[in-house]
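*Asks:* missing the sequence, but the structure's below:
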């Protein structure tokens with residue numbers, strides 16, 4: 001345990017010696033952030049287009065806050081994070097990435113059940129996308145009526 005604490009303190013001191021002038025890559029190039037935002041967007045599109053799937057909204061909100069915190073920990077200011085999220089160019093780039101993702105997964109964007117199939121697959125795989133989705137409960141009331 002003591003060795004772990006010393007290692008963590010050493011990493012903290014090493015991180016503290018990095019100069020603030022060190023160039024940060026644009027947030028779009030930070031894969032952990034950019035890919036997570038893509039997954040959040042894909043999950044949102046699935047839940048909006050599939051009548052059988054809904055969102056795990058609290059989980060999505062927590063993920064968004066965690067990502068903002070992670071970006072802050074990497075040295076990005078709130079203004080830099082907001083500029084990235086609000087950028088029309090970044091939104092267009094992310095839409096293109098999403099469209100490519102759906103195409104690669106064989107989703108027919110004119111068919112809601114195609115989104116449902118992908119959503120169920122992601123839920124089954126317990127992927128990050130799937131973790132933001134849940135299958136809506138099926139009502140069996142109509143089956144009990146005689």
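*Replies:* Here it is on my side, so go on. A quick note: this is a predicted structure, and the numbers were derived from the prediction, not measured.
*Asks:* going by C-alpha atoms from here, please, whenever you check contacts or count neighbours.
*Replies:* OK.
*Asks:* tell me the first helix or strand C-terminal of the helix ranked longest in the chain.
*Replies:* Assignment by DSSP state H gives helix 31-49 as the longest helix of the chain. Note on helix 31-49: by DSSP states H and E, the next helix or strand toward the C-terminus is strand 53-55.
*Asks:* mind giving me the packing neighbours of the next helix or strand after that next one?
*Replies:* Once strand 53-55 ends, the next helix or strand along the chain (criterion: DSSP H and E) is helix 57-73. When contacts are defined as 3 or more Cα pairs under 8 Å, 6 or more residues apart in numbering; DSSP states H and E, helix 57-73 sits against helix 31-49, helix 78-86.
*Asks:* mind redoing it with 10 Å?
*Replies:* For helix 57-73, the packing partners by 3 or more Cα pairs under 10 Å, 6 or more residues apart in numbering; DSSP states H and E come out as helix 31-49, helix 78-86, helix 128-131, strand 133-135.
*Asks:* sorry, back to before: run the angle between the longest helix of the chain and helix 78-86 for me.
*Replies:* Inter-element angle recorded for helix 31-49 and helix 78-86: 40 degrees (by axes from the mean of the first three to the mean of the last three Cα atoms, to 10 degrees).
*Asks:* how far off helix 57-73 does helix 31-49 point, in degrees?
*Replies:* Going by the same axes, to 10 degrees, helix 31-49 makes 160 degrees with helix 57-73.
*Asks:* could you give me the buried positions within helix 31-49?
*Replies:* Neighbour-count burial for helix 31-49 flags 33-34, 36-44, 46-47, 49 (criterion: 16 or more other Cα atoms under 10 Å).
*Asks:* any chance of a markdown table for the helices and strands packed on helix 57-73, columns mean pLDDT and distance to residue 105?
*Replies:* Below are the helices and strands packed on helix 57-73 laid out as a markdown table (pLDDT from 0 to 100; distance: least, Cα to Cα, whole Å):
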| stretch | mean pLDDT | distance to residue 105 |
| --- | --- | --- |
| helix 31-49 | 97 | 12 |
| helix 78-86 | 95 | 25 |
| helix 128-131 | 97 | 13 |
| strand 133-135 | 96 | 17 |
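*Asks:* and these as a markdown table, adding distance to residue 117?
*Replies:* Shown next, in a markdown table, are those (distance: least, Cα to Cα, whole Å):
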| stretch | distance to residue 117 |
| --- | --- |
| helix 31-49 | 10 |
| helix 78-86 | 29 |
| helix 128-131 | 12 |
| strand 133-135 | 11 |
